[in-house]
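[1] Any chance you can model this:
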Amino acid sequence: MSVFEVISKIEDVEIIAVGSRIRDLEWLRKTYGSGRWRKLKGFARVRFLDDGEECSAELHWYEAHGIGRVEMKIKDLLD
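    All right, here's what the predicted structure looks like:
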């Protein structure tokens with residue numbers, strides 16, 4: 001996938017995993033610092049920066065208090 005930006009509010013946010021249930025927890029702590037890490041998913045409109053195309057997508061990302069959202073990726077395109 002190419003580089004994208006989220007252009008709408010992320011809706012229907014669900015927690016997928018918390019703490020030790022996250023496979024990449026050690027890597028997240030080394031890269032971004034310690035915190036209460038959670039893996040989340042949600043749905044939003046995105047715009048691809050290379051061609052300007054817009055579509056709805058399912059997004060997955062990691063988040064920790066004081067650090068914010070990191071490693072956001074598109075899991076599935078919906079339209």
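
[2] contacts and neighbour counts: CA atoms only from here.
    Will do.

[3] wait, is Ile15 part of a helix?
    No - under DSSP: H, G, I helix; E, B strand; the rest coil, Ile15 sits outside any helix and is assigned strand.

[4] Quick check: bridge partners of the spatially closest residue to it that is not a sequence neighbour?
    The spatially closest residue to Ile15, leaving aside those adjacent along the chain, is Leu40, at 4.5 Å (Cα to Cα, 6 or more residues apart in numbering). Beta bridges link Leu40 to Ile15, Trp61, judged by DSSP bridges.

[5] thinking Leu40 is in contact with Gly68, fair?
    No - taking contacts as Cα atoms under 8 Å, Leu40 lies outside contact range of Gly68: 11.9 Å.

[6] if you count what's nearby, which of the two comes out ahead?
    For the pair Leu40 and Gly68, the greater number of neighbours falls to Leu40 (18 against 11), based on other Cα atoms under 10 Å.

[7] for the more buried one, what are its contacts?
    The contact partners of Leu40, by Cα atoms under 8 Å, 6 or more residues apart in numbering, come to Val13, Glu14, Ile15, Ile16, Ala17, His60, Trp61, Tyr62, Glu63.

[8] Now list the buried members of those.
    With neighbours counted by 16 or more other Cα atoms under 10 Å, the contacts of Leu40 contain buried members at His60, Trp61, Tyr62, Glu63.

[9] quick check, nearest of the contacts of Leu40 to Trp27?
    Ranked by distance to Trp27 (Cα to Cα), these are led by Tyr62 at 11.6 Å.

[10] just checking, that closest one touches Trp37?
    Yes - between Tyr62 and Trp37 a contact is recorded at 6.8 Å, counting by Cα under 8 Å.

[11] Can I take it that Lys30 is in a helix?
    Yes - Lys30 sits within a helix when classified using three-state DSSP.
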